[in-house]
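Q: what follows is a predicted protein model with its sequence.
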Amino acid sequence: MKYETVIGLETHAQLLTQSKMFCACPTKFGAPPNTNICPICTGQPGSLPVTNKKAVELAIETAIALNCKIEPSSIFARKHYFYPDLPKDYQISQYELPLATKGHLEIEVDGQKKRIGITRVHLEEDAGKLVHVGAALPGRQAGRIMGSEESLVDYNRTGTPLMEIVSEPDLRSPKEAAVYMQTLANLLQYIGVCDARMEEGSLRCDANISIRPVGSKEFGVKTEVKNMNSFKAVDKALLAEEKRHIEVVEEGGRIIQETRFFDDITETTTGMRGKEYAHDYRYFPEPDLVPLEPESEWVAEIRKSLGELPAARKERFVGDLGLQPEIAGLLVASKSTADFLEETVKLYPKATAIANWLVGDIAAFLNENKKSFSQLELTPAQLAEILKLIEDGTLSNKIAKTVLLEVLKTGKQVKDVIAESGLTQISNENELNKIIQEVIKNNPKQVEQFKAGKETVMMFLVGQVMKLSKGRANPALANQLLKKNLAS
Amino acid sequence: MKIDVDHVAKLARLGLSEEEKTLFEKQLSAILDYADNLKKLDTERVPPTSHAIALKNVYREDKVIPCSDIEAIMANAPEEANHMFRVPRIIE
């Protein structure tokens, strides 16, 4: 039988605020254990939470970017469960009345655009971090919950603002799910609400997956897959779980609704005992926090400040600037890169050339040095200057790359880099002739071979000219002058 | 209205004796019955209320103020290791 896979994703994004969701502790990652904690986030009796306005603003921004309806009134709720990473024994979240509802995100899979429904966007607080101590089970890594003898709890992360984004069950394959996550991550990064690094946990997701015979309208029994820590893992975990569902059903078995953990080493999912995860969260309105009723002026202001979103910008880059869709897609993955392109185009009109440098040498440099675009020691004016110097023949492509690299490394002015290293292209005939004469003098054997008719030696001789000029000779002119000199 | 004391006790991680179960069942059921009185009221035109005070949009600015007495919080740890709270095995 042919099956159709149905997937819905629940995504948690850490919001880029300075302080926590309901208290003034810093959200900084990587601090020593339990140094960013206070009576509020550790749930000491008598402490009172107060909502971080910035977190609400970032969530509204996201909701607008996801075409959601901002609810006129939403409230926080207490979600109760017992786990050592949750000091209050309840998590402040939103339940019946979330911040925003009914949106969508457009994704593109194999050149096909598809609209994925967004059920809701809500605010909540993160839990702490557990360090599992003790022996590993046979065949498994140490430091995991299974087989550990005890755990250590660090509450630094407790209370960090989290935004939950729930999709409709509109995804039809693991690949679509992975593309959805990547698209969402790009959007969150682009609008600056979350740095969206799955590997570091600032963006996390759980998936609900089920299968049904093609053509069936009813949903099959779903399982919830957790512990997917990269975009690749989303794809792999869901492929494994999809395969498992089909095998169980084909063998006449039944899928049990349960939570399953993905193991990225074995690339399989394992079910947790249903009992431990059967939750009764006893939600009720959080009495310590008053309702959120964002004024329409505020929402309008946020909407205005958002500006053009990546999907629209990509279309414009392709339509107006004539960029290839793939390259335009790479550029709009980060707002600062896209801004850089547009600033440079104002100074040098050939967008394709600029784009090629941005996604080529510049991206490679940032990658190698593990830097982000915002740490770039290059201005649009400098890149435009280099491109103009290539166009007027002052720099060869190869030298331009050297100049660019030096500017990237040092942040020096283009002119200074060229002057200090004497990197301009030699297009002066007299100067080139001097170099050519020396090459001819140094390579009598090759010169003889050339004169005897072995024309391939020409390549070698031009190479010698380039070498002697430290790459600065204008290659076309060198070729021409070399021939002239050898003919005489 | 009868209440499932075993279920409620389990959710609250409370171990209750048989006598306590009987006692609490009676008491909790009485509370629920009392709350049931509300059903006699006509709430047709009363909007659902989540809070007792008519306040909304109370915010703080996104400013960091480090806590001055973290060690007082750490003192609550029954056991501590590497400045972390030490807890027993989570999954059997």
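A: Structure's in. What do you need?
Q: packing partners of the longest helix along chain A?
A: Counting residues, the longest helix found in chain A (DSSP state H) is helix A:231-250. Contact partners of helix A:231-250 among helices and strands, from 3 or more C-beta pairs under 8 Å, 6 or more residues apart in numbering or on different chains; DSSP states H and E: strand A:3-14, helix A:174-190, strand A:203-213, strand A:223-228, strand A:259-263, strand A:268-271. Just so you know, the C-beta spots here come from the backbone N, C-alpha and C atoms, and that holds for glycine as well.
Q: now the fourth one, how far from the chain's geometric center?
A: Taking C-alpha atoms, centre = their mean, to the nearest Å, one finds strand A:223-228 lying 21 Å from the centre of the chain it belongs to.
Q: partners of it, with directions?
A: Next to strand A:223-228 in the sheet, as set by DSSP bridges, lie strand A:203-213 (antiparallel), strand A:259-263 (parallel).
Q: related to what we said a few turns ago, so the longest helix of chain A versus strand A:259-263, what angle?
A: On the basis of axes from the mean of the first three to the mean of the last three C-alpha atoms, to 10 degrees, helix A:231-250 is oriented at 130 degrees to strand A:259-263.
Q: after the lengthiest helix in chain B, next one along is what?
A: Counting by DSSP H, the longest helix found in chain B is helix B:18-36. Per DSSP states H and E, the first helix or strand lying C-terminal to helix B:18-36 is strand B:59-60.
Q: do that following strand and chain A meet at all?
A: Yes. Using C-beta under 8 Å from any C-beta of the partner chain, strand B:59-60 reaches chain A at B:59-60.
Q: which is the next helix or strand following that strand?
A: helix B:70-74.
Q: would you turn the helices and strands packed on helix A:231-250 into TSV with mean pLDDT and mean neighbour count?
A: As requested, these are exported to TSV (pLDDT from 0 to 100; neighbours: other C-beta atoms under 10 Å in any protein chain shown):
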stretch	mean pLDDT	mean neighbour count
strand A:3-14	97	21
helix A:174-190	95	22
strand A:203-213	96	21
strand A:223-228	94	21
strand A:259-263	92	20
strand A:268-271	91	16
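Q: dump the ones you listed to CSV, plus distance to residue A:379.
A: As requested, these are exported to CSV (distance: least, C-beta to C-beta, whole Å):
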stretch, distance to residue A:379
strand A:3-14, 31
helix A:174-190, 21
strand A:203-213, 31
strand A:223-228, 39
strand A:259-263, 44
strand A:268-271, 49
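Q: so which bits of stretch A:343-358 are buried?
A: A:344-345, A:347-348, A:350-351, A:354-355, A:357-358 (16 or more other C-beta atoms under 10 Å in any protein chain shown).
Q: for those, which one is nearest residue A:438?
A: Closest to residue A:438 out of the buried residues of stretch A:343-358 is residue A:357 (34.1 Å), distances taken as C-beta to C-beta.
Q: my guess is that closest one contacts residue A:405. True?
A: No. The criterion here is C-beta atoms under 8 Å, and residue A:357 misses it with residue A:405 at 11.5 Å.
Q: which bits of the stretch 51-200 of chain A sit near chain B?
A: Contacts of the stretch 51-200 of chain A with chain B, taken as C-beta under 8 Å from any C-beta, map to A:51-56, A:73, A:75, A:80, A:82-84, A:97, A:130-132, A:134, A:145-146, A:148-155.
Q: select from those residues every entry located in helices.
A: Using DSSP H, the subset of these located in helices is A:53-56.
Q: Throw these into JSON lines and include neighbour count, pLDDT and distance to residue B:26, thanks.
A: Converted to JSON lines, these look like this (neighbours: other C-beta atoms under 10 Å in any protein chain shown; pLDDT from 0 to 100; distance: C-beta to C-beta, whole Å):
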{"residue": "A:53", "neighbour count": "16", "pLDDT": "98", "distance to residue B:26": "47"}
{"residue": "A:54", "neighbour count": "21", "pLDDT": "98", "distance to residue B:26": "49"}
{"residue": "A:55", "neighbour count": "26", "pLDDT": "98", "distance to residue B:26": "45"}
{"residue": "A:56", "neighbour count": "23", "pLDDT": "98", "distance to residue B:26": "45"}
